[in-house]
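Chemist: Next input, structure requested:
(2 chains)
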Amino acid sequence: MMARLFPVLTVLVALVALWYAAVAPMNIRQSLDLAERGGATVVPEGARMRSETSVWLLMARNPSEIARGYSLDRPRLPTPVQVGQELWKTTGAMAMRGRAFSKRSLIFHGWITLQSTLYGFALGTTVGILGAVAIVYSRTMEMSVMPWAIISQTVPIVALAPMIIVLSSQIGVEGRALPKAIISAYLCFFPVLVGMVKGLRSPTREQLDLLHTYNAGGVASFLKLRLPSSVPYLFTSLKIGIAAALVGTIVGELPTGAISGLGARILIGDQFGTPLAIWSALFAAAILAGALVTLLGWLQGLAMRRMGVRA
Amino acid sequence: MSMTTAIVFWLLAWGVNMQLARSGWHDHRLVRIFVPVLFGISLLVLWEAAVASFGVSPVILPPPSAIGARFLAETATLWEDFVQTVLKGALSGYVIGASAAFLTAIAIDRSRFLTAGLLPIGNFVAALPIVGIAPILVSWFGFDWQSKAAVVVVMVFFPILVNTVQGLAEAGAMQRDLMRTYAAGYWQTLLKLRLPAAMPFLFNGLKIATTLALIGAIVAEYFGSPTKGMGFRISTGVGSLSIDLVWAEIAVAALTGSAVYGLVALIEKRVTFWHPSQRTK
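Modeler: Predicted coordinates:
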């Protein structure tokens, strides 16, 4: 465990160090503007003069102002600690005051995003599994639908996202939950479809023949052989699928003027010029993605043990 | 065209496809192309008939024929948007991101420690909704195509990195030992054994990245762009109710996505012709 964790932690520490180092040059212009407005003398004077000077030169000439870049209110690049504080302020701190589901809390927005993700995941998984069964049992389905399933994934869904939302609101669907779920299902069904086709086809000729000698019919051989042997493939694709579903939900929230959800927090943070809100929503989305994939991995282990497969 | 005619046509097409799939030619190349194309056409016919017979307003869902007509009428605009989004934003980002990921993969592959540290992180990051950084990068790099290219670079970097690193580990111990008995150095082993062995993985990453590149370039335009580009046209078109132009842009995006994916798959076939998955039966 330690042997595997140590390199990952080292690289993480290096990345955080790199991030800290990058904050100074990224924020120096803004710190100097603020310092000048506060009455300090900076070299060279005037934002226009400075915009023609390189950040490295600015840092060399105003070493005393570098520190200011690490505590700006609206930094171009916030520090990891600032992002962590903002994240805590909008989640844990609010939960402790009993306001976990207020509209300013990321728990609320994360919950909205999680809901759509799970709807989309359920829809996409159902379509993927049913499609896979149809493809495995019907050659016509395979030949007509499979190429389109592949093509559907090369179409940038974001181009369609605003259309799906307009369409569903015109048809009279209230709210954004359904269109968002459709977008995330669109991204999520494909890995499930491909994985399930592979899984349902994984029994060997001998195994199928054995069931034949037992006089097993089509339904029995599906339930007793094909379905169980597809489970490992299913879980592997579900892990890809849930990550894709989350991406889909956030994409569905981004370009469309949504007001709740992590994607909407990013959008609103952009419109109101509050970078910390964007960064904390991004990290919340990353944490959510990690938690969902870990949960499915744990379920996979549980299911495999139940089915008698040794890990 | 009435709905009944369209449904009859769809059933006929499905019947033809069933006959073809059951016939002895079902593995013939032309049949493999003809069957999905016929299926697609029958869906378009259904769409056209449904819009006409249910009286759907063209503001909500235009029929395919109207989208086709708009496509032909607006080729100049569509081309301008294509140049801005695909050639300037997505393509330059794709090339920069893919080369950066490839070189990084080769660099970290020399150290087992770095590989063990970066691979789990890369795998994790590749599953994240990276599109969310689009507004940050647009505010760093400005409204023009440079910020779109930056988003694309970040989006394509990790899938390609992870796949290349895995691919470089693909050459087996026996094969490496064989290279050593030939007195091959690091670079010779890399060029003659490990890079060719990594190609199927690298192409897998490149294929995933083609779609991501288009997504990145289009989403980034929702957060600010000059008055051209596919994402710009889509987001303003939805507002100004020129829905058929939006669908024409979607058609361009779909065609571009499929064509680029097909192109990468074609190159893959040429480069990795030796791999079991590419051999003809």
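Chemist: buried ones in the helix or strand that contains A:Met94?
Modeler: With the criterion set as DSSP states H and E, the secondary-structure element containing A:Met94 is helix A:92-96. Along helix A:92-96, these residues count as buried under the neighbour rule (16 or more other C-beta atoms under 10 Å in any protein chain shown): A:Met94. Using the backbone N, CA and C atoms, a C-beta is placed for each residue, glycine as well.
Chemist: need the next SSE after it, C-terminal direction.
Modeler: Moving toward the C-terminus from helix A:92-96, the next helix or strand (DSSP H and E) is helix A:106-137.
Chemist: Next one: that following helix, is it in contact with chain B?
Modeler: No - among the residues of helix A:106-137, none lie within reach of chain B under C-beta under 8 Å from any C-beta of the partner chain; the closest is 9.5 Å away.
Chemist: So which elements touch that helix?
Modeler: Contacting helix A:106-137 under the criterion 3 or more C-beta pairs under 8 Å, 6 or more residues apart in numbering or on different chains; DSSP states H and E are the following elements: helix A:139-154, helix A:177-200, helix A:227-253, helix A:262-271, helix A:275-306.
Chemist: For the ones you listed, give me TSV that also has mean pLDDT, mean neighbour count and distance to chain B.
Modeler: TSV is the format used below for those (pLDDT from 0 to 100; neighbours: other C-beta atoms under 10 Å in any protein chain shown; distance: least, C-beta to the nearest C-beta, whole Å):
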stretch	mean pLDDT	mean neighbour count	distance to chain B
helix A:139-154	80	19	4
helix A:177-200	86	25	10
helix A:227-253	86	24	4
helix A:262-271	84	24	4
helix A:275-306	88	18	5
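Chemist: Make TSV out of those and add distance to A:Met49.
Modeler: Rendered in TSV, the data for the helices and strands packed on helix A:106-137 read as follows (distance: least, C-beta to C-beta, whole Å):
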stretch	distance to A:Met49
helix A:139-154	49
helix A:177-200	47
helix A:227-253	41
helix A:262-271	29
helix A:275-306	25
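Chemist: Now for the nearest residue to A:Val127 once chain neighbours are set aside: which residues touch it?
Modeler: Beyond its immediate neighbours in the sequence, the residue positioned closest to A:Val127 (C-beta to C-beta, 6 or more residues apart in numbering or on different chains) is A:Phe189, lying 4.6 Å away. With contact set as C-beta atoms under 8 Å, 6 or more residues apart in numbering or on different chains, A:Phe189 has these partners: A:123-125, A:127-128, A:131, A:241.
Chemist: What of A:Ala35?
Modeler: Contact partners of A:Ala35, counting by C-beta under 8 Å, 6+ apart, are A:42, A:62, A:65, A:68.
Chemist: out of those residues, what pair is the most spread apart?
Modeler: A:Val42 and A:Arg68 (10.6 Å; C-beta to C-beta).
Chemist: In PDB, could you pull the C-alpha coordinates for the helix holding A:Met94?
Modeler: The C-alpha trace of helix A:92-96 is given here as PDB (Å, rounded to 0.1, in the frame of the first residue of the first chain):
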ATOM      1  CA  GLY A  92     -18.600  22.100   5.900                       C
ATOM      2  CA  ALA A  93     -18.900  25.400   7.600                       C
ATOM      3  CA  MET A  94     -22.500  25.900   6.300                       C
ATOM      4  CA  ALA A  95     -23.400  22.300   7.200                       C
ATOM      5  CA  MET A  96     -22.200  23.000  10.800                       C
END
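Chemist: Domain boundaries for the chain, per the record?
Modeler: Going with chain A. Under the assignment automatic domain parsing, the domains of chain A span A:2-77, A:106-306.
Chemist: oops, chain B please
Modeler: As recorded under automatic domain parsing, the domains making up chain B are B:3-56, B:71-271.
Chemist: What mean pLDDT does the first one get?
Modeler: In this model, domain B:3-56 has a mean pLDDT of 82.
Chemist: First residue to last residue on it, what's the distance there?
Modeler: With C-alpha to C-alpha, to the nearest Å applied, domain B:3-56 spans 13 Å between its terminal residues.
Chemist: need the residues of the stretch 1-150 of chain A near chain B, please.
Modeler: Taking C-beta under 8 Å from any C-beta as the criterion, the neighbours of chain B within the stretch 1-150 of chain A are A:4, A:7-12, A:15, A:76, A:139-140, A:142-148.
Chemist: change it to 10 Å
Modeler: By the criterion of C-beta under 10 Å from any C-beta of the partner chain, the positions of the stretch 1-150 of chain A lying close to chain B are A:3-15, A:26, A:76-77, A:113, A:138-150.
Chemist: Restrict stretch B:96-107 to CA atoms and write it as CSV.
Modeler: Extracted in CSV, the C-alpha atoms of stretch B:96-107 (Å, rounded to 0.1, in the frame of the first residue of the first chain):
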residue,chain,number,x,y,z
ILE,B,96,0.1,20.9,-29.1
GLY,B,97,-1.7,18.8,-26.5
ALA,B,98,-1.0,15.5,-28.2
SER,B,99,2.7,16.3,-28.8
ALA,B,100,3.1,17.5,-25.2
ALA,B,101,1.5,14.4,-23.8
PHE,B,102,3.5,12.1,-26.0
LEU,B,103,6.8,13.7,-25.1
THR,B,104,5.9,13.8,-21.4
ALA,B,105,5.0,10.1,-21.6
ILE,B,106,8.4,9.3,-23.0
ALA,B,107,10.1,11.4,-20.4
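Chemist: Tell me the gap between it and the middle of its chain.
Modeler: If you compare the mean C-alpha spot of stretch B:96-107 with that of the full chain, they lie 19 Å apart, counting by C-alpha atoms, centre = their mean, to the nearest Å.
Chemist: Now it: buried residues?
Modeler: Across stretch B:96-107, burial judged by 16+ other C-beta under 10 Å covers B:96-98, B:101-102, B:104-106.
Chemist: Going by secondary structure, B:Thr104 is in what exactly?
Modeler: Assigned by DSSP H and E, B:Thr104 falls within helix B:92-109.
Chemist: Extract the CA atoms of the very next helix or strand once past that helix and return them as PDB.
Modeler: Of the helices and strands lying after helix B:92-109 in sequence (DSSP H and E), the nearest is helix B:112-126. C-alpha atoms of helix B:112-126 as PDB (Å, rounded to 0.1, in the frame of the first residue of the first chain):
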ATOM      1  CA  ARG B 112       9.600   4.000 -12.600                       C
ATOM      2  CA  PHE B 113       8.900   6.300  -9.700                       C
ATOM      3  CA  LEU B 114       7.400   9.000 -11.800                       C
ATOM      4  CA  THR B 115       5.300   6.500 -13.800                       C
ATOM      5  CA  ALA B 116       3.900   5.000 -10.500                       C
ATOM      6  CA  GLY B 117       3.100   8.500  -9.300                       C
ATOM      7  CA  LEU B 118       1.700  10.100 -12.400                       C
ATOM      8  CA  LEU B 119      -0.400   7.200 -13.800                       C
ATOM      9  CA  PRO B 120      -3.000   7.100 -11.100                       C
ATOM     10  CA  ILE B 121      -3.300  10.900 -11.100                       C
ATOM     11  CA  GLY B 122      -3.500  11.000 -14.900                       C
ATOM     12  CA  ASN B 123      -6.200   8.300 -14.800                       C
ATOM     13  CA  PHE B 124      -8.100  10.300 -12.200                       C
ATOM     14  CA  VAL B 125      -7.800  13.600 -14.100                       C
ATOM     15  CA  ALA B 126      -8.800  11.900 -17.400                       C
END
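Chemist: Quick one: list the elements packing against helix B:112-126.
Modeler: Under the contact criterion of 3 or more C-beta pairs under 10 Å, 6 or more residues apart in numbering or on different chains; DSSP states H and E, helix B:112-126 touches helix A:2-37, helix A:275-306, helix B:92-109, helix B:145-168, helix B:195-222.
Chemist: any idea of the mean pLDDT in the longest one?
Modeler: So that's helix A:2-37. Averaged across helix A:2-37, pLDDT comes to 84.
Chemist: Okay, buried residues for that helix please.
Modeler: A:7-8, A:11, A:23-32, A:34-36.
Chemist: could you give the angle of that helix to helix B:92-109?
Modeler: For helix A:2-37 against helix B:92-109, the angle by axes from the mean of the first three to the mean of the last three C-alpha atoms, to 10 degrees is 130 degrees.
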